[in-house]
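*Asks:* Below is the structure, and that's it, no one-letter string:
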């Protein structure tokens, strides 16, 4: 048997990188072996989380779709959308048609908090909100009205930072992205003016390093609210802000000037980023308050 036929279930980065690896490894064998890969997805479009999980203003991350498209354009790879595993197509069907099956579907459900009030009105899973602002076809574009002035985000990881940033970012800055018009209209009409990020531990233990590493020092200075007497708050022209928490008054600009060179240095060497962040100590922790207070510029 010279040709290996493989089905990859899921067309996100994991599935497409798997397809690419199979093609390359088959070609590297001695003698070379032809590998044909069918990439299956229940949605009619590929790229998974790159399309429906990355915030619309993360253009650099979304650009990975250009590379993934190259994988799909390979002669040995075929994309088949609209295929629901278990509904019309079973595992037995796949095993009967292919020499191997790879499952790269990712997590389909949220992890519940298991606390009282989790199902009350106004409490939403981050997955739903992310799917909404990313235009996922499973999500009703009218799902969120954003009619509260204060919002809380539980968590300090990548998704939490994205959610908080989308809530307080000037919607006009999203016009040049691929955000859908209904979502943009909802963000334009949003009454949210304050977002609280809630984590179990301090910023040094945050699951996301974005808070530290994706701050632009110049942007920080530009977005500090010079007219506010509260150094823990800062926001855009429309008054949207992230609320920082700090026990003692501090000089935001002074902290920014001290911390930003260290943050920039950490960016240049991602291999030891975590160790560098630990060494930042108190200055880094205070810098996080600066980032949080900087509102729209938590991430570029």
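*Replies:* Arrived safely. Note that this is a predicted model, so its numbers are computed, not measured.
*Asks:* okay, residue 22: pLDDT?
*Replies:* Note for residue 22: predicted pLDDT of 95.
*Asks:* Could you find the closest non-adjacent residue to it?
*Replies:* Take residue 22 and drop its neighbours on the chain: the residue closest to it by CB to CB, 6 or more residues apart in numbering is residue 35, 4.9 Å away. All C-beta spots, glycine's among them, are computed from the backbone N, C-alpha and C.
*Asks:* From what I see, the one you found and residue 4 are in contact.
*Replies:* Yes. Between residue 35 and residue 4 there is a contact under CB atoms under 8 Å: 4.8 Å.
*Asks:* So if I had to pick from the two, which one is more boxed in?
*Replies:* The residue with more neighbours, out of residue 35 and residue 4, is residue 35; 22 against 17, by other CB atoms under 10 Å.
*Asks:* how near is that one to residue 20?
*Replies:* Residue 35 is 10 Å from residue 20, where distance means CB to CB, to the nearest Å.
*Asks:* Tell me where the model's unsure across the stretch 151-300 of the chain.
*Replies:* 202-300 (pLDDT under 70).
*Asks:* Give me the buried positions along the helix or strand where the residue nearest to residue 22 lies.
*Replies:* Taking DSSP states H and E as the criterion, residue 35 maps to strand 34-40. Buried residues in strand 34-40, defined by neighbour count with 16 or more other CB atoms under 10 Å: 35, 36, 37, 38, 39, 40.
*Asks:* For residue 35 and residue 4, list the residues in contact with both.
*Replies:* Both residue 35 and residue 4 are in contact with 22, 26, where contact means CB atoms under 8 Å, 6 or more residues apart in numbering.
*Asks:* So residue 151 belongs to a helix, correct?
*Replies:* No. Read with DSSP: H, G, I helix; E, B strand; the rest coil, residue 151 is strand and lies in no helix.
*Asks:* That one is in contact with residue 198, isn't it?
*Replies:* No. Under the criterion of CB under 8 Å, residue 151 is not in contact with residue 198, lying 10.9 Å apart.
*Asks:* So for the strand holding residue 35, mean pLDDT?
*Replies:* 96.
*Asks:* Show me what the helix or strand just after that strand is packed against.
*Replies:* Where DSSP H and E defines the elements, the next helix or strand beyond strand 34-40 is helix 49-52. When contacts are defined as 3 or more CB pairs under 8 Å, 6 or more residues apart in numbering; DSSP states H and E, helix 49-52 sits against helix 59-62, helix 64-72.
*Asks:* which one of the ones you listed lies closest to residue 162?
*Replies:* Ranking these by proximity to residue 162 (CB to CB) places helix 59-62 first, at 10.3 Å.
*Asks:* For the closest one, which helices and strands make contact with it?
*Replies:* Helix 59-62 packs on helix 49-52, going by 3+ CB pairs under 8 Å, 6+ apart.
*Asks:* about what we covered before: what's the strand holding residue 35 in contact with?
*Replies:* Contacts for strand 34-40 (CB under 8 Å, 6+ apart): 2-11, 15-16, 19, 22-23, 25-27, 46, 72, 76-81, 83, 85, 89, 98.
*Asks:* That strand: partners in the sheet, and parallel or antiparallel?
*Replies:* If you go by DSSP bridges, strand 34-40 pairs up with strand 3-9 (parallel), strand 77-80 (parallel).
*Asks:* which one of those strands is the most hemmed in?
*Replies:* For these, ranked by mean neighbour count under the definition mean count of other CB atoms under 10 Å, the leader is strand 3-9 at a mean of 19.
*Asks:* For the helix or strand just after it, list every residue counted as buried.
*Replies:* Next along the chain after strand 3-9, taking DSSP H and E as the criterion, comes helix 13-28. Going by neighbour count (16+ other CB under 10 Å), the buried part of helix 13-28 is 13, 14, 15, 16, 18, 19, 20, 22, 23, 26.
*Asks:* Noted, bye for now.
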